[in-house]
Structure formats: structure tokens, C-alpha cells
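# the sequence and its predicted three-dimensional model are supplied below.
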Amino acid sequence: GAVVSQHPSRVICKSGTSVKIECRSLDFQATTMFWYRQFPKQSLMLMATSNEGSKATYEQGVEKDKFLINHASLTLSTLTVTSAHPEDSSFYICSAYDSVQETQYFGPGTRLLVL
Amino acid sequence: QKEVEQNSGPLSVPEGAIASLNCTYSDRGSQSFFWYRQYSGKSPELIMFIYSNGDKEDGRFTAQLNKASQYVSLLIRDSQPSDSATYLCAVKSSGTYKYIFGTGTRLKVLA
């Protein structure tokens, strides 16, 4: 299967700071990437769809000014959690859509802890 | 609202048995169906996808699709303790790249 990387894998930050998470498709180009969040023992929640060269599409209830998404190239999307608070602590997972395989491939996830 | 439903489990099966995981979906326009496995603390990994009615086999895994009944299942033969994980069913509708995920079924394979 295709390979998607995420960086960092784990981050601890102080309340009020901003955190950037990178998602890269390593062996295919992805015009579309997705950002999910998962709280412990809960299901995946889609936050937004990231489109290369255009604005991201956010799901209902997700604050676009708090979760900034940039999809600057066909292999890189970034999620910035601005002014992070303890309630933003979660497991953030990206996926990249391989249009040839017509399949989403997930990155390994980033565990964020806001103190 | 488009929905994908799975029994949350846990589904417990003895080692060597067949585990049967089920999923129903509400959108008749759904075209592609996926099974992902998620180990605790890890991200989902793709096991199989299926597009056409019938069975699709890959090693110990068989995906079954019945579009008329809006039902997709995953069979795991010769279950191993290492198969213990949460299995997520995902459905993709035509005209979109978004998937609708079920809440997952937790499988426990008992040694």
C-alpha cells in the first residue's frame, strides 16, 4: 500500500501556543488529504478536507480559524492548531487520497497533549 | 444523513475460528467499501476494499458485499490473537472522496 507520513508523532505544548502537524504522501501525489481527530475509545471524526491549491472544507462544528489547514503541494498538507488548549489534546490523524487506487491511506497519527 | 453502522462489540472468538464482522450503510449511492484495522493507540490501516457485489478474498480475509441489502461484511479465517483490534467499515459515495466511517467493531481473539 501507499505510504503516508506524519510529523511529529507526539507533541507536548503549553496552553496558548500553536502547533503545526505535517502530513506527507511519500510515493504518490494527493490532491486531496483529510484530517481526523480521535479521542480515547471513540471513533474517527473527520475535521476537514484539504485540497491542493484551494481552501480546505471544514466539517460542521470545526472552527476553521482554530485549525488552519494548508495544502501547499501535491504531497504535503499541514494542520496548525492555534492557541491550543487542554481540550484540544487528542490523536490527530491525516489521510491522503490516492486517486489511482481510489483509496485513502492513513498517516501514523500525531498525539497532542496540551498542558 | 448518510450513516454506516457497526456493532461495537467486543466480538470474542477463539483462536483458529472464523470472525465475522458486519456493517450496514444507508446511502444507496455508495460505490466503494473499505475495511480498516486499527490497533489500540495506532492509526487505521487498510485491509481490503470491495466495489462489486459478491465476495473478494485476500489471504485469510474475505470481504462480502450485498448492495441490495446495503450490507458489507469481513470474514477473518483462522483468527489469531494478533488480529485483536478494532475493525472500521468505511463507505464512499460517488462524486466525493470522503468516507463515512462506522464506529468500529472491537475484535478479541482468545488464545
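That came through, no problem. Numbering: from 1, shown residues only, chains lettered A, B, ... in the order given.
# distance of residue B:25 from residue B:34?
When distance is defined by C-beta to C-beta, to the nearest Å, residue B:25 is 11 Å away from residue B:34. Bear in mind the C-beta positions are built from the backbone N, C-alpha and C, glycine included.
# now stretch A:22-38, how far from the centre of its chain.
Taking C-alpha atoms, centre = their mean, to the nearest Å, one finds the center of stretch A:22-38 at 7 Å from the center of the full chain.
# try stretch A:67-79
Worked out by C-alpha atoms, centre = their mean, stretch A:67-79 lies 8 Å from the chain centre.
# can you check stretch A:95-111 too?
The answer for stretch A:95-111 is 11 Å, by C-alpha atoms, centre = their mean.
# tell me where chain A is predicted with low confidence.
By pLDDT under 70, the weakly predicted segments of chain A are A:1.
# so where's the longest strand in it?
The strand that spans the most residues within chain A, counting by DSSP state E, is strand A:90-98.
# quick one: strands adjacent to the very next helix or strand once past that one?
Using DSSP states H and E, the helix or strand that follows strand A:90-98 in sequence is strand A:103-106. Counting by DSSP bridges, the strands paired with strand A:103-106 are strand A:90-98 (antiparallel).
# pull the residues that contact the partner strand.
A:2, A:4, A:6, A:21, A:23, A:25, A:28, A:30-40, A:44, A:77, A:79, A:81, A:103-107, A:109-112, B:43-44, B:97 (C-beta atoms under 8 Å, 6 or more residues apart in numbering or on different chains).
# now, which of those residues lie within strands?
Applying DSSP E to the contacts of strand A:90-98, the entries found in strands are A:4, A:6, A:21, A:23, A:25, A:32-38, A:77, A:79, A:81, A:103-106, A:110-112.
# on that earlier part again, pull out the buried members of the contacts of strand A:90-98.
A:2, A:4, A:6, A:21, A:23, A:25, A:28, A:30, A:32-38, A:44, A:77, A:79, A:81, A:103-107, A:109-112, B:43-44, B:97 (16 or more other C-beta atoms under 10 Å in any protein chain shown).
# residues of chain A that sit close to chain B?
A:1, A:32, A:34, A:43-44, A:46, A:49, A:93, A:97, A:99, A:102-109 (C-beta under 8 Å from any C-beta of the partner chain).
# cutoff 6 Å now
A:1, A:32, A:43-44, A:93, A:97, A:103, A:106, A:108-109 (C-beta under 6 Å from any C-beta of the partner chain).
# residue boundaries of the strands in chain B?
Under the criterion DSSP E, strands of chain B are mapped to B:4-5, B:11-14, B:19-25, B:30-38, B:45-50, B:54-58, B:61-66, B:71-76, B:85-93, B:99-101, B:105-110.
# how about those in TSV, adding distance to residue A:66, mean pLDDT and mean neighbour count?
Shown next, in TSV, are the strands of chain B (distance: least, C-beta to C-beta, whole Å; pLDDT from 0 to 100; neighbours: other C-beta atoms under 10 Å in any protein chain shown):
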stretch	distance to residue A:66	mean pLDDT	mean neighbour count
strand B:4-5	27	94	18
strand B:11-14	37	97	14
strand B:19-25	31	97	20
strand B:30-38	26	95	21
strand B:45-50	29	95	18
strand B:54-58	41	97	12
strand B:61-66	38	98	18
strand B:71-76	35	98	20
strand B:85-93	26	94	23
strand B:99-101	23	93	21
strand B:105-110	31	97	18
